[in-house]
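# Provide a 3D model corresponding to the input given below.
(chains A, B, C and D)
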There are 2 protein chains.
Amino acid sequence: MKQLPSTQRSLPIALIRARENVMTPIRQMLSESGLTEQQWRVLRVLDEHGALEPSQLAKHAALLLPSQTRIVQSMAQKGLVERREHRNDRRRTVIKITDSGQAIINDNAAKAAEIAAQIRDKLGPRRFETLLDILDDLRDLE
Amino acid sequence: MKQLPSTQRSLPIALIRARENVMTPIRQMLSESGLTEQQWRVLRVLDEHGALEPSQLAKHAALLLPSQTRIVQSMAQKGLVERREHRNDRRRTVIKITDSGQAIINDNAAKAAEIAAQIRDKLGPRRFETLLDILDDLRDLE
DNA sequence: GCAATATATTTAACATGTTAATGATTGCGA
DNA sequence: TCGCAATCATTAACATGTTAAATATATTGC
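The predicted model follows:
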């Protein structure tokens, strides 16, 4: 019979810790703008892809739809994003970034890029790419 | 000036997705016992290390103390763990697993080990170990 | 053209994550 | 020994994660 792996070498726990470590400097940066990491992801994705429907935004930002609904609502209240109706299909909505949201991206882009570069340097570019590749291989587990 | 990486190759997002993928089959298993993944981690750690003080348990289970306080409270109500006072230092408490909690570990150990083995096989043992090693290298970022 | 089904999103309810404030107890120094 | 700082844990408040149910609109089949 197979044995349970030690929690010291448990992949779920290792992933949680890694995320915690990676996000700490990013959270520090974002706290000055009053943003959560999720709100930052929403801005990043909208900046990168332009206006998106909720389900597409959720996929790109790695958010579940119920969370995203709340996040976008609060961001709309703060004026960071806005919602428009889809022309032909009234079930759908399109979410786009506002000038105010874009300004936050612009203000933090350099710092965020620096943090990302630090992580990359810490691992070494080769290991960094290997990490992303292996993480990607974890899709479609059954 | 450094450029922001594409969200497609963003490490935080990749870590979130990876965890989501890894946890899906585990959550399926646990739902039959009515446990969350965090409650399962608490049982796993207590099974592995024996009775622990809150801060030690939190470290091993990758939980923040406020979350853990609530989780242990609800688990104590269900009779899965119990709390004992420390002899000399009343600030401290020791948390231990109950027979009922141990039974859940025993009932699910084989299945959990199988899931872990599947993930390992999917990546290949070598890549799996590499992944854990690289994730571990993300400690102490700055 | 209408009912049944499918799709997209939101709401609801509860658990956890996160940061800050509060509480409780010990240990130390005047 | 009194009081104060330090440590550990809990509580508080709000944001997000997670699953299930509800809602709204489109599409399909008859």
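
# what helices and strands are in contact with the longest helix that chain A contains?
Longest helix of chain A, by residue count under DSSP state H: helix A:99-123. Secondary-structure packing of helix A:99-123 (3 or more Cβ pairs under 8 Å, 6 or more residues apart in numbering or on different chains; DSSP states H and E): helix A:11-31, helix A:37-49, helix A:125-137. Just so you know, the C-beta spots here come from the backbone N, C-alpha and C atoms, and that holds for glycine as well.

# among these, which is nearest DNA strand D?
helix A:37-49 (4.0 Å; Cβ to the nearest atom of the strand).

# and that closest one, average pLDDT?
Throughout helix A:37-49, pLDDT has a mean value of 98.

# relative to helix A:99-123, how tilted is that helix?
If you take axes from the mean of the first three to the mean of the last three Cα atoms, to 10 degrees, helix A:37-49 sits at 100 degrees to helix A:99-123.

# show me what from chain A comes close to DNA strand C.
When proximity is defined as Cβ under 7 Å from any atom of the strand, chain A approaches DNA strand C at A:16, A:20, A:23, A:27, A:31, A:53-55, A:65-66, A:68-70, A:72-73, A:83, A:91-93.

# phi and psi next, for residue A:78.
The phi/psi pair for residue A:78 (degrees, to the nearest 10) reads phi -80, psi 0.

# coming back round to it: got a quick PyMOL command for the buried subset of the residues of chain A next to DNA strand C?
In PyMOL, this line selects whichever of the residues of chain A next to DNA strand C come out buried by 16 or more other Cβ atoms under 10 Å in any protein chain shown:
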select buried, chain A and resi 16+23+54+68+72+93
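
# mind listing what's buried along the least confident helix or strand in chain A by mean pLDDT?
Sorting the helices and strands of chain A by mean pLDDT, DSSP states H and E puts strand A:81-85 at the bottom, at a mean of 89. For strand A:81-85, burial by neighbour count (16+ other Cβ under 10 Å) applies to A:81, A:82.

# mind checking how far the following helix or strand past that strand is from the chain centre?
In the C-terminal direction, the helix or strand that comes right after strand A:81-85 (DSSP states H and E) is strand A:93-97. How far strand A:93-97 lies from its chain's middle: 17 Å, per Cα atoms, centre = their mean, to the nearest Å.

# report the central residue of chain A.
Nearest to the mean C-alpha position of chain A, counting by Cα atoms, centre = their mean, stands residue A:41 at 3.6 Å.

# from what I can see that one touches residue A:61, true?
Yes. Contact criterion Cβ atoms under 8 Å: residue A:41 and residue A:61 qualify, at 4.3 Å.

# tell me if the longest helix of chain A is near DNA strand D.
No. Helix A:99-123 lies out of reach of DNA strand D by Cβ under 7 Å from any atom of the strand, never closer than 13.7 Å.

# relative to helix B:125-136, how tilted is that helix?
Per the same axes, to 10 degrees, the angle that helix A:99-123 makes with helix B:125-136 is 120 degrees.

# helix A:99-123: which residues count as buried?
Buried-residue list, helix A:99-123, by 16+ other Cβ under 10 Å: A:101, A:104, A:105, A:108, A:109, A:111, A:112, A:115, A:116, A:119, A:120, A:123.

# contacts for stretch A:19-34?
Here stretch A:19-34 makes contact (Cβ atoms under 8 Å, 6 or more residues apart in numbering or on different chains) with A:36-37, A:39-40, A:104, A:107-108, A:111-112, A:115, A:118-119, B:11-12, B:15-16, B:19, B:62, B:138-142.

# buried ones in stretch A:13-21?
A:13, A:14, A:15, A:16, A:17, A:18, A:19, A:21.

# contacts only, for the first one.
Put plainly, it is residue A:13. Neighbouring residues of residue A:13 by Cβ under 8 Å, 6+ apart: A:7, B:41, B:61, B:62.
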